[in-house]
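Engineer: predicted model follows, preceded by the sequence.
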Amino acid sequence: MLGIEGPLKELETLASSLKLPLPIEIHTIPYPDDIIPHNPFLKERFEGNLIIRYPDGCYESGKAAHTSGLEMLIEARDSAIVALEQWILLVENEFLGVRPLD
């Protein structure tokens with residue numbers, strides 16, 4: 001999880017500064033206090049939610065049990081790659097004035 005938390009936080013900061021929706025959101029929900037998982041690493045990962053947003057307003061979402069945000073993103077990596085590519089093109093066109101080659 002540590003390997004992806006930093007980049008997602010940076011992505012959130014960038015999206016916020018450009019007044020754009022956050023392209024990828026991952027939230028993990030901890031186990032209830034009265035339940036102890038067999039693996040202590042899983043304590044913060046009872047359930048996870050993932051949302052991938054596209055520039056046109058469409059989105060994909062997923063939910064998983066006993067998972068980390070990284071595992072969820074790996075499961076949805078193709079969708080995440082497509083969404084991020086579309087967001088990059090939007091930012092280049094709308095904010096940087098880059099136009100595609102004819």
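Structural biologist: In hand now; what should we look at?

Engineer: who touches the closest residue to Leu42 other than its chain neighbours in this structure?
Structural biologist: In this structure, Leu42 finds its nearest non-sequential neighbour in His66, 5.8 Å apart by CB to CB, 6 or more residues apart in numbering. All C-beta atoms are positioned from the backbone trio N, CA, C, and that covers glycine. Listed by CB atoms under 8 Å, 6 or more residues apart in numbering, the contact partners of His66 are 37, 42, 45-47.

Engineer: what distance do you get for the residue nearest to Tyr54 when sequence neighbours are not counted to Tyr59?
Structural biologist: Spatial nearest neighbour of Tyr54, excluding adjacent residues (CB to CB, 6+ apart): Ala83 at 5.1 Å. Between Ala83 and Tyr59 the distance is 9 Å, computed by CB to CB, to the nearest Å.

Engineer: now swap in Ile74 and tell me
Structural biologist: Separation of Ile74 from Tyr59 (CB to CB) stands at 19 Å.

Engineer: before we move on, what about Asn39?
Structural biologist: When distances are taken as CB to CB, Asn39 and Tyr59 turn out to be 31 Å apart.

Engineer: which one of those two has more residues nearby?
Structural biologist: Set side by side, Asn39 and Tyr59 show more neighbours around Tyr59, with 14 against 9, by other CB atoms under 10 Å.

Engineer: I'd guessed that one sits against Arg53; true?
Structural biologist: Yes. In this structure Tyr59 lies within contact range of Arg53 using CB atoms under 8 Å: 4.6 Å.

Engineer: any chance you could map the helices in the protein?
Structural biologist: In chain order, the chain shows helices spanning 2-17, 69-75, 77-94, with DSSP state H as the criterion.

Engineer: turn these into CSV, including mean pLDDT.
Structural biologist: As requested, the helices of the chain are exported to CSV (pLDDT from 0 to 100):
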stretch, mean pLDDT
helix 2-17, 78
helix 69-75, 83
helix 77-94, 90
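
Engineer: which ones are touching the residue nearest the centre of the chain?
Structural biologist: Relative to the mean C-alpha position of the chain, the nearest C-alpha, by CA atoms, centre = their mean, is the one of Ile24, at 2.6 Å. In this structure, Ile24 makes contact with 8, 11, 50-53, 73, 80, 83-84, judged by CB under 8 Å, 6+ apart.
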